[in-house]
Structure formats: C-alpha cells, structure tokens
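Participant: got a predicted model here, sequence first, then my questions.
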Amino acid sequence: MLKCKAVLRTVAILFASLLLLSFAPSPLLAGAEQEEYNKGYILKRTVPEYTRERYDIRLPAIHIRFPNEFIPFFNFDAYGTYSNANTGSDVWGASVSGSVSPVAKYSDSLYFIPLYDGSYSKEKLFAYTEEGARAYDEFQHHDLSLMAKYLATDRATISPYIFGGWDLNVETDDEDWGDGLYDYEEFGSGVDFDYLVFDTQRSQVVLNSGFKWYIRNYPNYKALIALATTTAPEEDEKDFNAFEFQAGWQYSNLRTFSLECGYSSLMKFFTDKKIIDADGVLEDDEREEYRNSLRLKASYTPVPGRGFQYNCLSEFVYNTSNQNFYDSRGTTSLADDVFTPDYFDYLSIEVHPRVSYIVKDGDKTTAVIEAGYDFLVRDYTDRKAQMKNGTFTSKEQRDYQHVFTGTLEIPFDEHLSWVTKYDYIINDSNMDYEQYYEYSYTMHRVLSGISLSY
C-alpha cells in the first residue's frame, strides 16, 4: 500500500511539473515567433547578421587600334670622299647616311613618328670638344626616336617624344669600334609645342617652344685620377645630365620670304666631376655648365622654284661654367703652377650666308648650284693662350673658323640626284700648345655620289 502511494505521489509530481512547464514562459522560447505555415517556432538570431559586400572588379578593356594609314619617309646619301689636312695624310673613303620614318597616321589630328637616323664616314674630321678639337678618320652616329604628334586644336600642336643616340669614333688603326675614348651614348625625352598665331593666304606666324631632358655617358672615358688610385673622388668626369629649353617664332609670307628667331638654354649637370680650387684641391661641389644661344635665320626667294635663292643663318652663344683649371706644369714645385678660373666660359658668334641658283629647262630642274661661307669666332673670357712649349701668355684664347663651300646637284628625277661638294676649312687660333688638341689647321674635303629621297 505504501508503495502504491509513493508511485501515485511521484506521478502527481511529474504531472504538476508538466503543467507548470506548459503554462510558464520559457527563456528558451521567449524570443520565438510562430510560423503560420507550420505552426511551429523559429528562434530569432541573437547576433547581427553580416552580409558580404559584392565588389564588381572589371579589368580595363584593351583595344588595339591599327593606324588608318602609313606614310613612309626615306632619305639615303652615299658619297665617295677625299680629305686632306695639313696636319696629316690624305684620306680616301666614303660617307653614308640615311634616315627612315614610317609615319603612322591614326587620324587627321594624331600621328606617331618613329625615326631612325644614322651615318658612317671614313674621312678626316676635326670634332670640337670642350677643351679643343681632336682629329678622327672614321666615325659613325645613330639616333632612334619616337614622337607622338597631336593637333589639339586647329592652331595648337603638342609633340612628346623619347630618343636615344650613340656616337662611335676610331682614332687609331688598331682601335676597335666601341673602344673610342670619346664614344658616348645618350637617352632622354621631351615635348614640343607649336601655336599658329596668324594664318592667312598671304602670311603666317607660328610660335614654338619645347623642353627636353637627357643623360649622356662616356663609357670609355675615365678621369686620370681614377686610373692612379682605387679610391678616387671622381671617375666618370664627362658624364652629365642635361636640361634644355627653347622658344621662338617663325614668320613666312608663304611665297618669297621667311624669318625665324629662336632662343635656347642648355644646362649641364656633371654627375662625377668635382670643382678644382685655386690650391689644386678638389671641392665637394659638382661641375655645372650653362649654354645660352640666340639664332636668327632668313630666307629670300625672288621667284619660287627657280633662279636665285638666298639664305643666312647667324647664332650668338654665351657659355658659362663653374669649373676652373689647374696646371701643375708637370713639376713638383708649386711656384710655377697656373690657376685659371672659369676655364670654359666663352662668347661665340657665327654667320653662315648661302646663295643657290636653280637652273630650269621649262618646268624641269636640270641643276642646282650653291655657294656658301661660314664664319665663327670663339672668344674665351678667362682662358689664356699658350705658346708651343705650354707657357701661358697674357692674352685670352681666341679661335677663328672659316668654311668655304661649293655644291653642284644634278637631279635625275624628283627623287634621285647626283651631288658633288667641296669644302675648304681654315681654323686659326692663338692657342699654339697642341700636345693634346688641335687648334690651327687647314683642310680640303671633296665628296661625290648619289642622294635619294622619298
């Protein structure tokens, strides 16, 4: 009996507990809501729901567009040459030069202009350097450039470009190409701007400006001090970075007369050349050089396409540098040392008139005869002239150059001509010390061959 009561008491307690659980609010179900479709309970989320944001990543569309038209330009000259200088023997050789440019026209306002220009010559040549002229018998030069010419408006044109150049010289018979002391390579970029200010049927005025930057390296030229010690303060003393700005204008009456005037400023910053002071000690400052020039060119054609044609080019140059010169005179004594400040400062004036005559047979050109004269004087403001033994004089160095030219061109058609040219060059200077450079010489030069252009 007691066992039955205990069982009944246990059942009663369980039943009461179920009733309490049925009617009392449960913490597990307090946040539940009833779904109508199944009459059940779904728990609400107790944490915020995070959704991943969708990013629309699209690669830019690349459209390869080919030019609408290619406009090829081609020039090629090949001459046999003879040259003779009073300072050396006769040189028989050849001169070959050419340029090619497959211009890509994308529209009437956009052109891409790749250009190669190169030359090779075996003849006597005096190449001017900062210290003086050096004689070569064989040399070559190569230029590569790419320009984009964009006509922004009917009057304004923008032309950015990149370029590279290589100059190779052979000074001795046993020297290989690429080993020349004054070989150089240069790379740079720039941009030109042209603006048509005035344009009528009778005349035209154009303003132009530009800026370019380039680096020039002389891979084979090492400073003497670098050859003497492994811890030299300078080694590549001729390498430099350059910035050049130019601006000018052009006028033409579109028939008989044109006039051009331009100014340019070239700034050179040498990367490994120290300034030498009055005690012969190298300073921490690097060499800098500034070249300012003013050019004026005029052309006059009384009857276009025939008869006499007149041209004249003139240029004024003012060059300044912070570099000095210290000459130890090859002795250990300091008593005979000579210090020259501003050694590379100079003024120069060049005038180059030319006159040509076009011979006609009806409308056909049968010959073009040209004569010219080029005069240049360079006056150093502080550099003293030296005697043959190296002794310095009290006079500043002054160089003169006279070039007399004569040319005969016989056209076979509008593209091909036979050209014969003669030059007589006179260089004269009061600098008589020519152990390393040549300042006074005379030279005859003749070339004859074909000229082809398309």
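Facilitator: On my side now, so go ahead. Numbers count the residues shown, from 1 in each chain.
Participant: ranges for the strands of the stretch 51-200 of the chain?
Facilitator: Counting by DSSP state E, counting those that start in this stretch, the stretch 51-200 of the chain has strands at residues 69-85, 91-107, 110-128, 133-151, 156-170, 184-199.
Participant: between strand 69-85 and the second one, find me the angle.
Facilitator: Between strand 91-107 and strand 69-85, the angle formed by their directions is 160 degrees, by axes from the mean of the first three to the mean of the last three Cα atoms, to 10 degrees.
Participant: same check, this time on the fifth one
Facilitator: Direction vectors for strand 156-170 and strand 69-85, defined by the same axes, to 10 degrees, enclose an angle of 40 degrees.
Participant: contacting residues around strand 156-170?
Facilitator: With contact meaning Cβ atoms under 8 Å, 6 or more residues apart in numbering, strand 156-170 is reached by 127, 136-152, 176-178, 180-196, 214. For the C-beta atoms, the positions are set from N, CA and C on the backbone; glycine is no exception.
Participant: which residues pair with the residue most central in space within the chain across the strands?
Facilitator: Most central in the chain under Cα atoms, centre = their mean is residue 188, positioned 4.5 Å from the mean C-alpha point. Residue 188 forms beta bridges with residue 163, residue 214, as assigned by DSSP bridges.
Participant: enumerate every residue touching it.
Facilitator: Applying Cβ under 8 Å, 6+ apart to residue 188 gives the contacts 162, 163, 164, 212, 213, 214, 215, 242.
Participant: give me the phi and psi for the fourth one.
Facilitator: Backbone geometry at residue 212, expressed as degrees, to the nearest 10, gives phi -140, psi 150.
Participant: surely it and residue 265 touch.
Facilitator: No: under the criterion of Cβ atoms under 8 Å, residue 212 is not in contact with residue 265, lying 11.5 Å apart.
Participant: quick one: which of the two has more around it?
Facilitator: Legend: neighbour count by other Cβ atoms under 10 Å for residue 212 and residue 265, higher for residue 212 (18 against 13).
Participant: quick one on the thing from earlier: how close does the residue nearest to the centre of the chain sit to residue 124?
Facilitator: Going from residue 188 to residue 124 by Cβ to Cβ, to the nearest Å gives 31 Å.
Participant: ok, residue 158 next?
Facilitator: Separation of residue 158 from residue 124 (Cβ to Cβ) stands at 43 Å.
Participant: ok, residues contacting stretch 274-285?
Facilitator: 233-234, 286-287, 322-326, 328, 337, 339, 341.
Participant: generate a PyMOL selection restricted to the buried subset of the residues you listed.
Facilitator: PyMOL command restricting the contacts of stretch 274-285 to the buried ones, with burial defined by 16 or more other Cβ atoms under 10 Å:
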select buried, resi 234+286+287+322+323+324+325+326
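Participant: farthest-apart pair in the contacts of stretch 274-285, please.
Facilitator: For those, the maximum inter-member distance is 23.3 Å, found between 286 and 337 (Cβ to Cβ).
Participant: which residues of the stretch 1-150 of the chain score low on pLDDT?
Facilitator: Scanning the stretch 1-150 of the chain for pLDDT under 70 picks out 1-64.
Participant: at 80 what do you get?
Facilitator: For the stretch 1-150 of the chain, the stretches with pLDDT under 80 are 1-65, 88.
Participant: what's next to stretch 79-91, contact-wise?
Facilitator: Residues outside stretch 79-91 that contact it (Cβ under 8 Å, 6+ apart): 92-96, 121-126, 135, 137, 419, 421, 438, 441-450.
Participant: give me the buried entries from these.
Facilitator: Listed as buried from those are 93, 95, 121-126, 135, 137, 419, 421, 438, 441, 443, 445-447, 449; burial here means 16+ other Cβ under 10 Å.
Participant: quick check: residue 81 vs residue 137, distance?
Facilitator: Distance from residue 81 to residue 137, by Cβ to Cβ: 11 Å.
Participant: let me redo that: residue 192
Facilitator: 36 Å.
Participant: residues contacting residue 132?
Facilitator: Residue 132 makes contacts with 431, 434, 436, 437, 438, 439, as judged by Cβ under 8 Å, 6+ apart.
Participant: show the buried residues in those.
Facilitator: Buried members of those, scored by 16+ other Cβ under 10 Å, are 431, 434, 437, 438, 439.
Participant: next up, the contacts around the first one.
Facilitator: Just to be clear, that refers to residue 431. The contact partners of residue 431, taken as Cβ under 8 Å, 6+ apart, are 132, 385, 386, 397, 399, 439, 440.
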